[in-house]
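Engineer: Structure, please.
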Amino acid sequence: MTRIAVIGGNGYAGHHIVAEAVGRGHTVVSVGRRLPSERVEGTTYLVGSLLAPSDLAARLDGVEVVVAAVPARGDMVGKVRSNVATLIAELPTEVRIGVIGGAGGSLIAPGGERLVDQPSFTDEYKPEALEAIGILEDLQDSDGGHDWFYVHPAGGFGAWNPGERTGTYRDGGDVLVTDADGESFISGPDLAVAVVDEIENPRHSRQRFTVGY
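Structural biologist: Residues are numbered from 1 along each chain as shown. This next block holds a predicted model:
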């Protein structure tokens with residue numbers, strides 16, 4: 001059993017990660033700026049914000065894995081990268097860090113270009129994608145004090161396209177995962193399966209990986 005904190009636990013990705021981890025018997029703290037109306041039984045809910053990273057780090061004493069699932073959108077645009085960096089710096093080095101990024105940083109082919117750099121990538125989503133990529137770059141440039149993993153969901157991941165839990169997924173390394181028809185999708189519950197699998201059986205130490213069907 002692992003003590004896990006999910007920052008952004010009220011959000012789409014975060015809520016599914018909380019539910020999956022609790023369902024497997026882990027001790028889970030869900031961090032959000034308010035208490036959710038629907039709660040996962042067995043979860044400890046903590047009102048806190050990534051915008052106060054030092055305070056938040058102090059309140060996560062005893063946690064073994066911290067997963068940041070806060071997208072850089074709305075009032076968080078331009079604020080996620082710097083605050084994640086501060087939070088990590090304030091956490092003990094034995095705490096493992098997980099970050100849920102976006103599809104934009106995935107490569108379209110081995111050794112190829114990033115999805116965010118393709119003409120088809122919607123301009124509206126570029127600020128969020130580039131900030132998420134910045135977090136990855138900070139992790140890759142870090143001095144090795146913390147172990148970490150970074151997850152790129154498939155392109156069709158989001159509350160607008162929820163899907164169901166199948167318990168299966170494919171790991172594409174740093175390349176966007178697509179199916180035989182060229183579609184890229186992962187449900188919220190199955191993204192959570194991939195994240196909790198990585199927590200239980202680490203296979204991507206200080207690495208990123210993509211997930212999809």
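Engineer: how about the nearest residue to the most centrally placed residue in the chain, chain neighbours excluded?
Structural biologist: Among the residues of the chain, the one closest to the centroid is residue 100, at 1.5 Å (Cα atoms, centre = their mean). Nearest non-adjacent residue to residue 100, counting by Cβ to Cβ, 6 or more residues apart in numbering: residue 69, 4.4 Å away. Any C-beta I mention is one placed from the backbone N, CA and C, and that applies to glycine too.
Engineer: now that neighbour: how far from residue 123?
Structural biologist: 24 Å (Cβ to Cβ, to the nearest Å).
Engineer: ok, those two, which is more surrounded?
Structural biologist: Neighbour tally, residue 69 and residue 123, criterion other Cβ atoms under 10 Å: the higher count belongs to residue 69, 27 against 6.
Engineer: which residues touch the nearest residue to residue 205 once chain neighbours are set aside?
Structural biologist: For residue 205, ignoring the flanking residues on the chain, the nearest one in space by Cβ to Cβ, 6+ apart is residue 147 at 5.5 Å. By Cβ atoms under 8 Å, 6 or more residues apart in numbering, the residues touching residue 147 are 96-97, 202, 205-206.
Engineer: Any idea how many residues pack against residue 30?
Structural biologist: Neighbour count of residue 30, defined by other Cβ under 10 Å: 28.
Engineer: That one pairs with what?
Structural biologist: Beta bridges link residue 30 to residue 6, residue 45, judged by DSSP bridges.
Engineer: mind checking how far the helix ranked longest in the chain is from the chain centre?
Structural biologist: Ordering each helix of the chain by length in residues (DSSP state H) puts helix 126-141 first. Offset of helix 126-141 from its chain centre (Cα atoms, centre = their mean, to the nearest Å): 12 Å.
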